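> model the structure of this input:
(chains A and B)
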Protein chains: 2
Amino acid sequence: MKAEIISVGTELLLGTTINSDAADVALLLSEYGINVYWQTVVGDNPGRVIEAVKRAKTRAELIITTGGLGPTCDDLTKNAIAEAFGLSLVLDKGEEEWLRSLWRERHYTSLEITPNNLQQVMLPEGSTALRNDWGTAPGCVFSAEGVMVIMLPGPPREIRPMLEHRVRPILASLSDGVIASHTIHFFGIGESEMEYKLRDYMNSLTNPTLAPYAKNAECLVRVTAGAPDAEEAERMMAPVIERVRGLFGDLAYGMDTPSLAEFTTKLMLEKGVTLATAESCTGGELAKAVTDIPGASAALMGGVVVYTNEAKTRLLGVPAELIEEKGAVSHEVAVELARRVRELMGSDFGVGITGLAGPDGDGVHEVGTVFISLADRERVWVREKHLSQRGREQVRLYACQHAFDMLRRRLAGLEVEEIDQP
Amino acid sequence: MKAEIISVGTELLLGTTINSDAADVALLLSEYGINVYWQTVVGDNPGRVIEAVKRAKTRAELIITTGGLGPTCDDLTKNAIAEAFGLSLVLDKGEEEWLRSLWRERHYTSLEITPNNLQQVMLPEGSTALRNDWGTAPGCVFSAEGVMVIMLPGPPREIRPMLEHRVRPILASLSDGVIASHTIHFFGIGESEMEYKLRDYMNSLTNPTLAPYAKNAECLVRVTAGAPDAEEAERMMAPVIERVRGLFGDLAYGMDTPSLAEFTTKLMLEKGVTLATAESCTGGELAKAVTDIPGASAALMGGVVVYTNEAKTRLLGVPAELIEEKGAVSHEVAVELARRVRELMGSDFGVGITGLAGPDGDGVHEVGTVFISLADRERVWVREKHLSQRGREQVRLYACQHAFDMLRRRLAGLEVEEIDQP
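From the prediction side, this is the model:
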């Protein structure tokens, strides 16, 4: 089955909003083995929406639109789609009732529903409404001219649950056979080197297939198999996964996890160990990454952001003379950060990060120099990294990734200290 | 002038990568008044890339492609574009020399450049290379059949500087007249309410125009004017900006700033005041947001992440009995967090955040209940917010936004405490 995604919104063409919706839709479609060959973005312009839909009808059996379902005058997707299929719009009584009661419940400035809000419950004739419990504009689904059309709202916090709870059941009912995939996650190797090492093996495969890519300072390999059922797909993928993991040894840290941060935090929670963080250049990013995961309070005893030298001394008692002598960005200060924050919080592990994220330097170190330290009750490990070509945001992200990598290696009983790349 | 953006990459169709490149390109184009009516995404498939380019040629004078310029076998954009225009690929000697020297400088596992890397410097005949100092694959620009084509690499950390340093000068040389715009930023009002209040005025305008939108827990209004020169555009926008700001009073916090976090941090730096943070449910997100801004060390004295009750007591001395009696999520504990962290760090201001980000509750408060506190040397202000419908990530983001809003209001001499919305 072939699908096409059409995103509607002038804000996407102006670049003021990034099109994360298309990626969310695509991820779900690929789970059901539905191929997407085209994604199109058009503005809030009826003519071009109609043109895009008419072209999509000729090359896809499923069209999913995102955006343009709301109450403002720019929200014209339903009108345009109806016109492209020669359908009229009709008021959906069930959705109208729901919207009116929602309006009464919420604390709006006016209690009378405004007419522009009712435009949201006008759907193409023959549609089934997809209730939007996370916003106000319902989605809908209809079939016409041999094509199924699903319309979804644009805001990410609405479309994500709509995909999960409204669209997934529809896709499940359409698909025969399954496409299953696993993602193997790596830290400590670049995409180009990984692709180079994998290329021959990758090209020798047809089903399952392999696809390496880089994302958020990690590398990933996606293994995908098509099979009559899930069990068979798993059986086909198992030896491929084993071979890929074997090629890269302990650079592969996990499977099917959103990130090294989440993997490591969950590993801490499983093992019942606790962490305390002392961050200089990352300024809270490491603690934030841990607490992004619900339930992280059992793993993160606490943290300090010691961006200034004074804070390092005040909060952790790092001797001012040591900072003076060795510099705030030094192996010695990194050791003190991890050791002292662990002692202060009484946690199993302490992590320290000190470095120069840039863009300005300190006259001593190259921008991008970072020391990452991990302390347990007995010893302290330190990595020194030079991430100068990556820019401030990436330097901070890589520093956090190294901290998680050191911790996950310590928890798995692997070598913690230096790794070559990147 | 009309432009079209074509993004190439199977990872975009699979949804494993979000298409931020298209937004970055679009933002730059809109600065030069170049209209984008279509964005298309295709996979690493020569036939569909050629089809997309051939269609784009019929409706745009400028085509910008992103992705597919690298050394792997999926990187086929240059071949496809050359074919769509009937051009051959030729080795660019200058780029080849540069790539070979780059290869020698970097610490790759092998010192001999691999043949797949040289594929990066094969460009369509008649092209001018756009040197990529942030990666290895050069971009290029050529004109044929009355259309200008610009090809750019896919990785965001490469395309962003390429747009600024390589593409901007080209666009500047193309444009006659200017399109200028300003963005007015709001916190404390929803998009729907803003649009409702603005609608009549907005619809009465043709040049300048107004466009409201929501982004990252803020609302924005973009004012855009087309004029012969920048001065005239400014003159046309001034009364519109004044009127919009007048409609919403002090809910408008600033203009042309990336975010409330950056605006407030820069305001602190300008005024030479310092901050200390004590974060429970936001877990370091507030401190990270401040330290995202280079130079923030002069404003952030330090911070603590006191996710657990024990950390609140150990790091800040919040009495365990108070937490026991009032609960960690309470007005009283919020007061202590802001007050004590300010005293501990000796800063001008202290901010405290305590709340239930969810998804699990504490059996007492509704998920989404957050107390945000601001202390100066004399007093403490507290906001109590109920953000239950927004989900964990949004609850944390809104809590940080409220902290910044309280701080910017205090620094501007405005009322700090409660605001109605959102």
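> now do the strands in the stretch 51-200 of chain A.
Taking DSSP state E, counting those that start in this stretch as the test, the strands found in the stretch 51-200 of chain A are A:62-66, A:89-91, A:122-124, A:128-130, A:139-144, A:147-152, A:178-186.
> can you name the residues of the stretch 101-250 of chain A that neighbour chain B?
A:108-109, A:114, A:116, A:134, A:155, A:157, A:192-193, A:195-196, A:199, A:203, A:211, A:213-215, A:220, A:222 (Cβ under 8 Å from any Cβ of the partner chain). Backbone N, C-alpha and C define where each C-beta goes, glycine included.
> and the buried ones among the residues you listed, selectable in PyMOL?
Only the buried entries of these go into this PyMOL selection, using 16 or more other Cβ atoms under 10 Å in any protein chain shown:
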select buried, chain A and resi 108+116+134+155+192+193+195+196+211+213+214+220+222
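> is stretch A:293-301 in proximity to chain B?
Yes: counting by Cβ under 8 Å from any Cβ, chain B has neighbours in stretch A:293-301: A:294, A:295, A:296, A:297, A:300, A:301.
> same question but for stretch A:316-330, I mixed them up
No: counting by Cβ under 8 Å from any Cβ, chain B has no neighbours in stretch A:316-330; the shortest distance is 9.7 Å.
> strands of the stretch 251-400 of chain A, start to end?
Going by DSSP E, counting those that start in this stretch, the stretch 251-400 of chain A shows strands at A:252-255, A:275-279, A:300-305, A:349-355, A:369-375, A:380-386.
> tell me the confidence at residue A:174?
Confidence at residue A:174, expressed as pLDDT, is 83.
> ok, it to residue A:142 distance?
14 Å (Cβ to Cβ, to the nearest Å).
> please say which of those two ends up with more neighbours.
residue A:142 (19 against 13; other Cβ atoms under 10 Å in any protein chain shown).
> isn't the more buried one right up against residue A:92?
No: judged on Cβ atoms under 8 Å, residue A:142 makes no contact with residue A:92 at a distance of 11.8 Å.
> now do the shared contacts for the two.
residue A:127 (Cβ atoms under 8 Å, 6 or more residues apart in numbering or on different chains).
> so where's chain A shaky on pLDDT?
Scanning chain A for pLDDT under 70 picks out the ranges A:73, A:106-112, A:389, A:418-422.
> dead centre of it: give me the residue that sits there.
residue A:258 (6.7 Å; Cα atoms, centre = their mean).
> hang on, the earlier thing: out of the strands of the stretch 251-400 of chain A, nearest to residue B:409?
Among these, strand A:300-305 comes nearest to residue B:409, with 23.5 Å by Cβ to Cβ.
> re earlier: out of the strands of the stretch 51-200 of chain A, which one sits most buried?
Comparing those by mean neighbour count (mean count of other Cβ atoms under 10 Å in any protein chain shown), strand A:62-66 comes out on top with a mean of 27.
> the nearest residue in space to residue A:28 that is not next to it in sequence: neighbour count?
Leaving aside its chain neighbours, residue A:28 sits nearest to residue A:163 (5.2 Å; criterion: Cβ to Cβ, 6 or more residues apart in numbering or on different chains). Residue A:163: 22 surrounding residues under other Cβ under 10 Å.
> next up, the contacts around residue A:39.
Counted by Cβ under 8 Å, 6+ apart, residue A:39 has contacts A:4, A:5, A:6, A:7, A:22, A:26, B:12, B:13, B:19, B:40, B:41.
> can you give the domain ranges for chain A?
A:2-174, A:178-255, A:260-421 (automatic domain parsing).
> most packed of these?
By mean count of other Cβ under 10 Å, the domains of chain A have domain A:260-421 as the most buried, with a mean of 21.
> picking up where we left off before, so who does the residue nearest to residue A:28 touch?
A:24, A:25, A:28, A:152.
> the third one is in contact with residue A:167, isn't it?
Put plainly, it is residue A:28. Yes: the criterion here is Cβ under 8 Å, and residue A:28 meets it with residue A:167 at 6.5 Å.
> could you pull out the helices for the stretch 301-422 of chain A?
For the stretch 301-422 of chain A, applying DSSP state H, counting those that start in this stretch gives helices covering A:309-316, A:320-326, A:331-345, A:392-411.
> quick check: angle from the last one to strand A:275-279?
Spelled out, that is helix A:392-411. 150 degrees (axes from the mean of the first three to the mean of the last three Cα atoms, to 10 degrees).
> quickly note the distance from the closest residue to residue A:154 other than its chain neighbours to chain B.
Excluding its sequence neighbours, the residue lying closest to residue A:154 (Cβ to Cβ, 6+ apart) is residue A:67, at 3.3 Å. Using Cβ to the nearest Cβ, to the nearest Å, residue A:67 is found at 12 Å from chain B.
> how about residue A:67, phi and psi?
Backbone geometry at residue A:67, expressed as degrees, to the nearest 10, gives phi 90, psi 160.
> all helices of the stretch 51-200 of chain A, in order?
Under DSSP H, counting those that start in this stretch, the stretch 51-200 of chain A gives helices at A:77-84, A:93-105, A:115-118, A:156-162, A:168-174, A:191-203.
> dig out what the closest residue to residue A:406 other than its chain neighbours forms beta bridges with.
Distances taken as Cβ to Cβ, 6+ apart place residue A:374 nearest to residue A:406, at 4.4 Å, with adjacent residues excluded. In this entry, residue A:374 is beta-bridged to residue A:351, residue A:381, by DSSP bridges.
> how near is residue A:374 to chain B?
For residue A:374 relative to chain B (Cβ to the nearest Cβ), the value is 18 Å.
> same deal with residue A:50?
13 Å.
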